[in-house]
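Novice: just to be clear, the model below is a prediction. Sequence and coordinates:
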Amino acid sequence: MALPMLRIVCGSALLSFVLLFAGDAAAQDAARLNSGDTAWIITATALVLFMTLPGLALFYAGLVRSRNVLSVLMHCVTIACLSSVLWLVFVYSLAFGDGGAANDWIGGFGKAFLAGAGTDALSGTIPENVFFMFQMTFAIITPALIVGAYPERVNFVAVMLFSSLWLILVYAPVAHWIWGGGWLAKMGVLDFAGGLVVHLTAGVSALVMVVMLGARKGFPREIMPPHNPGMVVTGACMLWVGWYGFNGGSALAASGAAGMAITVTHISAATASLTWMVIEWAKHGKPSLIGFVTGTIAGLATITPASGFVGPVGGLALGVAAGALCYFCVWLIKQRLQIDDSLDVFAVHGVGGLLGTVLTAFFASPRLGGLGFADGMNTMKQLGAQLTGAVAVAVWTVVVCYIIIKIVSVMTPLRVTPDDETEGLDITTHGERGYNL
Amino acid sequence: MALPMLRIVCGSALLSFVLLFAGDAAAQDAARLNSGDTAWIITATALVLFMTLPGLALFYAGLVRSRNVLSVLMHCVTIACLSSVLWLVFVYSLAFGDGGAANDWIGGFGKAFLAGAGTDALSGTIPENVFFMFQMTFAIITPALIVGAYPERVNFVAVMLFSSLWLILVYAPVAHWIWGGGWLAKMGVLDFAGGLVVHLTAGVSALVMVVMLGARKGFPREIMPPHNPGMVVTGACMLWVGWYGFNGGSALAASGAAGMAITVTHISAATASLTWMVIEWAKHGKPSLIGFVTGTIAGLATITPASGFVGPVGGLALGVAAGALCYFCVWLIKQRLQIDDSLDVFAVHGVGGLLGTVLTAFFASPRLGGLGFADGMNTMKQLGAQLTGAVAVAVWTVVVCYIIIKIVSVMTPLRVTPDDETEGLDITTHGERGYNL
Amino acid sequence: MALPMLRIVCGSALLSFVLLFAGDAAAQDAARLNSGDTAWIITATALVLFMTLPGLALFYAGLVRSRNVLSVLMHCVTIACLSSVLWLVFVYSLAFGDGGAANDWIGGFGKAFLAGAGTDALSGTIPENVFFMFQMTFAIITPALIVGAYPERVNFVAVMLFSSLWLILVYAPVAHWIWGGGWLAKMGVLDFAGGLVVHLTAGVSALVMVVMLGARKGFPREIMPPHNPGMVVTGACMLWVGWYGFNGGSALAASGAAGMAITVTHISAATASLTWMVIEWAKHGKPSLIGFVTGTIAGLATITPASGFVGPVGGLALGVAAGALCYFCVWLIKQRLQIDDSLDVFAVHGVGGLLGTVLTAFFASPRLGGLGFADGMNTMKQLGAQLTGAVAVAVWTVVVCYIIIKIVSVMTPLRVTPDDETEGLDITTHGERGYNL
Amino acid sequence: MKFIVAIIKPSKLDDVREALTGLGITGMTVSEVKGFGRQGGHTEIYRGAEYEIHFVPKLKLEVAVPDNVAEQVVGAIRDHANTGKIGDGKIFVFDLAQAIRIRTGETDAEAI
Amino acid sequence: MKFIVAIIKPSKLDDVREALTGLGITGMTVSEVKGFGRQGGHTEIYRGAEYEIHFVPKLKLEVAVPDNVAEQVVGAIRDHANTGKIGDGKIFVFDLAQAIRIRTGETDAEAI
Amino acid sequence: MKFIVAIIKPSKLDDVREALTGLGITGMTVSEVKGFGRQGGHTEIYRGAEYEIHFVPKLKLEVAVPDNVAEQVVGAIRDHANTGKIGDGKIFVFDLAQAIRIRTGETDAEAI
Ligand SMILES: Nc1ncnc2c1ncn2[C@@H]1O[C@H](COP(=O)(O)OP(=O)(O)O)[C@@H](O)[C@H]1O
Ligand SMILES: Nc1ncnc2c1ncn2[C@@H]1O[C@H](COP(=O)(O)OP(=O)(O)O)[C@@H](O)[C@H]1O
Ligand SMILES: Nc1ncnc2c1ncn2[C@@H]1O[C@H](COP(=O)(O)OP(=O)(O)O)[C@@H](O)[C@H]1O
């Protein structure tokens, strides 16, 4: 069983890297460009970019009131551009470069500006620039996810400052710990495509942001139904399709591992959607479309860390768990605790990412149809690693986020004025209106 | 000529399967994972999913009145999720599994829950899980096509029951007959990507459904122009792009066969669109956008069964035939027979699928630029096979559909109340409104 | 350095062709189908089709007033279909076929209807039909780009005539000169993915068209803000994602060259967007979303010719230059010269394409992080070639465009009546309305 | 002259319009409004929360008529907009001081 | 005071607004309406069928004015909304009992 | 009876509606309008050009009331729609000749 296991685990970005530098036979064999793998990862890169632009942007923009639709779109495209430039300049290097003595904690600057990565440089069986681009799309979507926490009231300058600092100080280290060969990777934390690196960091940051920023004027008394559910569904569908690249691409090969990743991803999205629908139907008498696709995203976020390790049954189970738990957490945060995490980033992404990370320890087990653990691991040991990883990532995120927001709030107001909030950010911040029909 | 012929025909899902289990040299050679083929089929899978989510959903949703836009979107996403789960649980197995003694008619349960298909299992040159996923996207879109028959009046519970039973009782057997090694496959019926399996089954079912469900209130007197043609075009374009995966992916390889499939697919879409436009222009004095893209879909549906067998000239010809015949059939069904197949599923998909299936017998002939027949076949023999297939599929679909709808109508009303119909399904069934601008 | 250089340059469509017929060892080696390369180019084909349908269509349609939204969409889909059919019939052959004695200027008719290109015919390492389709998507988008010059007033029949003649008389020869082995190719002009062939031809044609057609009624006094910025952003994002296929696919392989192409493409888009935003913010006090994504398109158009030759630093620099220069040119053309190039085709595409073509001579240099020149070239020589190419293409385009429009204006009015213009083209030309909410 | 304003259910527009045409009324103006009244609104669901929407979509019909047909017109609207359910709407009648047809400058009875 | 309601063609709004501003009118209110009248509607095509759309998009202009300028305002609207084609619209004049500016509480002539 | 028309800021609707409900008013009709007035509009940016948008989104509130409560209602609107800033809007009061409830045929005071 060791060999197939190895091949599967190779799927995770981390280990393929470890192998790459290990110099053993397998790695040497891998050190030839495979055009099929390359074709798939370029495609996956396009798919993940598509998740943010326009997938996530539409998903979020449809959920706010029509007077803020453009501001949300603007947040997403601006963050995409800022993250891309920073990624090239040095954040990729921090996340995936060699950190020398500090490598447990952070990479170095050796790969800044993609230095040394000519068109011939490989990363596993694909060109390093393709790996760079694929990972860049993750660095784009992760801060963009946080947009859902603060729309309809945030100051645009604060968004730009916060997102840039966040990418450097939260994303880069956490990505390095887990995918770049850092301490959590060595501990054996399994996070196939970003339950911790992407969804937990984003979800926790959303919560910190909201607590420091405050709720929208009128929350929760005033009615704020989504202004354009059709736009929300369009975005959700694009996210779903793009997620094939997110999870399937994380196999870093066009292989059965990639195939299994998209299989479980798809199944989890489906069962989470149906689960959310059933709960909502039972509780409110009506199955809503917005609820349905919120379930979809919950299912996708939850399967993300697990998608390279579990089998179809794991996909089914994680989806059901995701639909139920995220539904409950939306209610808990918004209705019960009255925290205006406006588009439910924590309840969907934070909780989903955490849930999937924990359940990976169980459903990776062959007894539950999973693909098995690394040598020397079992459910309990793995669970320990997963929980350690989750706690470490959450604590780091809370602390650093708090500091970043404090710094930003010294430089610029976090919120727009109440009048601008009433009139809407589209006109007041961007000088445009969403619909001139 | 035999060898190249063989390679081409291999493109169809059916024969690659036959070969796979035939144990001959070619098959053994094939039994190695090809990463390029795998990359393309994973991509094709994403493209076909994209056809439904959000392609078809937007295409259909833009065609109804604004008070029902969300209900149509909801139908599409719900069917997608239900079909996915059922596909995993046992429908894939019924369609593509080994049915033992009954294999002419239906597969068995051996592949339920993707049993035995680890990440190493192959189907031809690609992982079986990738084949499973690719085929799943077909099982998603086919029942979703039928949504166009019953919007603006159907009861949501009835949609779910009907679609689930339909997938099991209509889709699974027909797919098995033609693609799973069943009796029509043995007879040599050519259906590259689903003229019979997808479009004829959907179109005929739409007709049965409408006859049993009844027309929308006020049909045909009341004005019901599409509420959002821009949404319709967006969906149509996504369908077009996604169809590259549908037909090109059905070659199950990244090859010249796939390249030819997308070529003829594209050409047929183009000529059908232009044909529809010209006819409409001549008849009504104006070329409409909705008409244009309806022609696009007609061209795409029509080329589907033929796309692995005909050449560019076949693509041109099928497109022209599709544009003209489907235009006529829309008029026939809606205006003349006053059957409220609301979004013209039968006239576009049913007629298109049938037309393409029949014309395949002609345009597969090398004399008409086609790629040739299997050994021992010629136009007349092939025509016989095609017609037999079409009749068998149509009859089975009508009978089983009728029974399913009868059963469903015992369990739940097929329609909402007239008041709810007037107010719109968005509010009355789902508690949401389409636009809060 | 010669060998890697060669491999990179191979990326350009032109040289892979040259090599193919050169009969040397490298070419022979290339003459085997590579399924990974094929997978990527089929995917890239779908991505580039997606750029037009619906990317560009939505981008443009959102920018006009709501009474003309459908007419713009109609222009795009109609041009797509006409170009596709013409491409098959003989334009592909003119562009990429062998022109015999006239080959410096134009290809022949030998490949009309894709003659001789069975499913086994190769073009480099991919099937010729895939190359045919990939190039077809360029022939679709290029005339569609010009749509932005004449919306809200143009006669639909004139659009069809103009676009068809334009594809034959402007696009085919220019594509042949540069990519089909013509005189500019021999001179060593570098145009990786269409700075001259696509963007300069389209931009210059837009200008000629507008001068001959005249401005929209009320221009520039009347207010004409975009009716649906959300639609514009959706289209822009699709263009961005699709551009991975446009530039990355132009490597004609799933390789590090493709990876580098998408890297610099992405970076240029990001920096151009941010540059535009900063300028607008400084000048008008507000960063607008429409401005932002206009910068995106400027960055993408500008990097296009350079994308196979420059490195990441070139991407950064070209983006900044694109954002600044195109911003200035929009102001120059629209505000200062009061030329109603309505959606700024010349200022964005024409100027961007030209800028990128010129800067390629500098940033291809390894000293600026570029991938180097062909043997015997250096910055100055290359600059000479680039400028010669640009002037030749611009002059040819102006002259031929003028003649085409004269011919068309004899056959049909170029504009609709003032009353129809006031009422909007959607109702008056197409008999439909954009929104029935 | 009278100026009659009627707030009606959207689904009743066609009936009312036909009835008025039957009375020889050749012109009228319609706009979309939101009504608050006894009918109450409806509930919308959004991620596990229910929102009470107070307004109900209605149409406002405006028609200027000579005094002598005003009563008939009011009667026709009342009869044809009626469903017997709460929310059928109201008719308001105003005195109209003057009416002018822009195209011709005709005034009052000739203008409407 | 008079309250003047004008139904005009959408393309005429700018002309009319400028004309009224020229008369010293500083405020007015505009809304989108659908007109039924002699002008008839248009035909829309949908998959081989033609639909007669009865309504025509119009704008409704509302402006409250002191009695002494009412005639001038009516005249200005009539002149500037006129294209001479069917469908130019109507002007309706009402007596206005009272006007209040919300911000200041000023009433009547001072309020408008 | 009086027919009161108020042009108010959109953000003030909820306050005003609650105030009127407090006075026992059970029905009203609201529509979206564009206001031109002292408030001026705003500037929109489009690719390097600035456009002056003259209109401001407002809501029009229409409510028919018996004579005796008219003053109270006007007062309530004035108080609750007031922000003290330019653009708060206007209240117009008309005499209403007749009111009919479509559902029951009740007239005048009983109808509103
Ligand atoms: N006093 C009023 N002033 C203006 N409009 C009113 C008034 N009362 C009711 N309306 C309008 O009439 C509509 C119907 O009123 P409602 O009280 O719901 O039902 P009904 O007229 O059957 O009693 C409301 O939605 C509102 O638009
Ligand atoms: N009696 C009426 N009451 C209210 N509005 C009317 C009336 N007659 C016409 N209108 C409005 O005036 C518009 C123009 O009227 P129409 O008969 O088409 O042209 P014209 O005024 O040039 O004769 C109509 O679209 C409608 O909105
Ligand atoms: N004479 C008028 N007739 C009709 N509506 C008016 C008139 N004057 C103002 N309005 C409406 O009242 C709104 C507020 O007026 P404005 O002059 O901006 O502020 P204020 O009422 O505070 O002086 C305007 O936007 C317009 O809709």
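Specialist: Yep, that arrived. Ligands and ions are numbered 1, 2, ... in the order given.
Novice: which helix or which strand is home to the nearest residue in space to A:Cys76 that is not next to it in sequence?
Specialist: Leaving aside its sequence neighbours, A:Cys76 sits nearest to A:Ala57 (C-beta to C-beta, 6 or more residues apart in numbering or on different chains; 3.8 Å). (C-beta placed from N, C-alpha, C; glycine too.) Using DSSP states H and E, A:Ala57 falls within helix A:57-63.
Novice: and A:Trp179, how far is that from B:Pro366?
Specialist: Distance check for A:Trp179 against B:Pro366: by C-beta to C-beta, to the nearest Å, it reads 53 Å.
Novice: which one of these two has more residues nearby?
Specialist: A:Trp179 (28 against 12; other C-beta atoms under 10 Å in any protein chain shown).
Novice: I'd assumed A:Phe96 was in contact with the more buried one.
Specialist: Yes. With contact defined as C-beta atoms under 8 Å, A:Trp179 and A:Phe96 form a contacting pair (7.3 Å).
Novice: show me where the chain has strands.
Specialist: In the absence of a named chain, this looks at chain A. A:122-123, A:126-127 (DSSP state E).
Novice: I was thinking of chain D, sorry if that wasn't clear
Specialist: D:2-8, D:28-36, D:42-46, D:49-53, D:56-65, D:90-95, D:98-101.
Novice: pipe those into CSV and attach mean pLDDT per row.
Specialist: Converted to CSV, the strands of chain D look like this (pLDDT from 0 to 100):
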stretch, mean pLDDT
strand D:2-8, 97
strand D:28-36, 95
strand D:42-46, 83
strand D:49-53, 82
strand D:56-65, 95
strand D:90-95, 97
strand D:98-101, 96
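Novice: can you list the weak-confidence ranges in chain A?
Specialist: A:1-30, A:223 (pLDDT under 70).
Novice: for chain E, what's the nearest residue on it?
Specialist: Residue nearest to chain E within chain A (C-beta to the nearest C-beta): A:Leu437, separated by 9.9 Å.
Novice: for that residue, which residues are in contact?
Specialist: B:437, C:66, C:227-228, C:434-435, C:437 (C-beta atoms under 8 Å, 6 or more residues apart in numbering or on different chains).
Novice: mind running it again at 10 Å?
Specialist: B:435, B:437, C:65-67, C:69, C:227-228, C:434-435, C:437, E:32 (C-beta atoms under 10 Å, 6 or more residues apart in numbering or on different chains).
Novice: same question for A:Ser255.
Specialist: A:7-8, A:10-11, A:34, A:36-37, A:40, A:125, A:248, A:261, B:33, B:35, B:38-39, B:42, B:119-120, B:126-127, B:129-130.
Novice: and if you look at A:Trp240?
Specialist: Per C-beta under 10 Å, 6+ apart, neighbours of A:Trp240: A:51, A:55, A:265-266, A:269-270, A:273, A:293, A:296-297, A:299-300, B:46, B:49-50, B:53-54, B:77, B:80.
Novice: residue numbers of the stretch 1-150 of chain A in contact with chain B?
Specialist: A:4, A:7-8, A:11, A:34-44, A:46-47, A:50, A:55, A:58, A:65-67, A:69, A:125 (C-beta under 10 Å from any C-beta of the partner chain).
Novice: which ones among the residues you listed lie within helices?
Specialist: Judged by DSSP state H, those include A:4, A:7-8, A:35-44, A:46-47, A:50, A:58, A:69 as members of helices.
Novice: quick check on those residues: which are buried?
Specialist: By neighbour count, with 16 or more other C-beta atoms under 10 Å in any protein chain shown, these hold A:7-8, A:35-44, A:46-47, A:50, A:58, A:69 as buried.
Novice: might one say that A:Ala44 is in contact with C:Ile262?
Specialist: No. Using C-beta atoms under 10 Å, A:Ala44 is not in contact with C:Ile262; the gap is 11.8 Å.
Novice: for these two, list the residues in contact with both.
Specialist: A:130, A:133.
Novice: mind checking how far D:Met28 is from chain A?
Specialist: Distance, D:Met28 to chain A, using C-beta to the nearest C-beta, to the nearest Å: 24 Å.
Novice: residue contacts, that residue?
Specialist: By C-beta under 10 Å, 6+ apart, the neighbours of D:Met28 are D:4, D:6, D:13, D:16-17, D:20-21, D:61-65, D:73, D:112, E:34-37, E:55.
Novice: weed out the non-buried ones from those residues.
Specialist: Using 16+ other C-beta under 10 Å, the buried members of those are D:4, D:6, D:13, D:16-17, D:20, D:61-65, D:73, D:112, E:34-37, E:55.
Novice: for chain B, what's its nearest residue on chain D.
Specialist: D:Ile45 (4.1 Å).
Novice: once you drop chain neighbours, what's closest to that residue?
Specialist: Using C-beta to C-beta, 6+ apart, the closest residue to D:Ile45 is B:Gly431 (4.1 Å).
Novice: count the residues that sit near the one you found.
Specialist: If we define neighbours as other C-beta under 10 Å, then B:Gly431 has 26 of them.
Novice: next: A:Ile403.
Specialist: A:Ile403, neighbours per other C-beta under 10 Å, totals 12.
Novice: residues touching it, list them.
Specialist: Here A:Ile403 is in contact with A:165, A:169 (C-beta under 10 Å, 6+ apart).
Novice: check contacts around the nearest residue to A:Trp105 once chain neighbours are set aside.
Specialist: Nearest residue to A:Trp105 in three dimensions, chain neighbours excluded: A:Gly182, at 6.3 Å (C-beta to C-beta, 6+ apart). A:Gly182 is in contact with A:14, A:95, A:99, A:102-107, A:173-176, A:189, counting by C-beta under 10 Å, 6+ apart.
Novice: and for A:Ile79?
Specialist: A:52, A:56-57, A:139-147, A:159-160, A:162-164, A:166-167.
Novice: in helices only, show me those residues.
Specialist: Per DSSP H, the contacts of A:Ile79 map to helices at A:57, A:139-146, A:159-160, A:162-164, A:166.
Novice: which among those end up buried?
Specialist: A:57, A:139-146, A:159-160, A:162-164, A:166.
Novice: give me the neighbour count for the residue lying closest to A:Thr265 once chain neighbours are set aside.
Specialist: Of all residues not flanking A:Thr265 in the chain, A:Asn247 sits nearest, at 4.5 Å (C-beta to C-beta, 6+ apart). Residues contacting A:Asn247 under the criterion other C-beta under 10 Å number 31.
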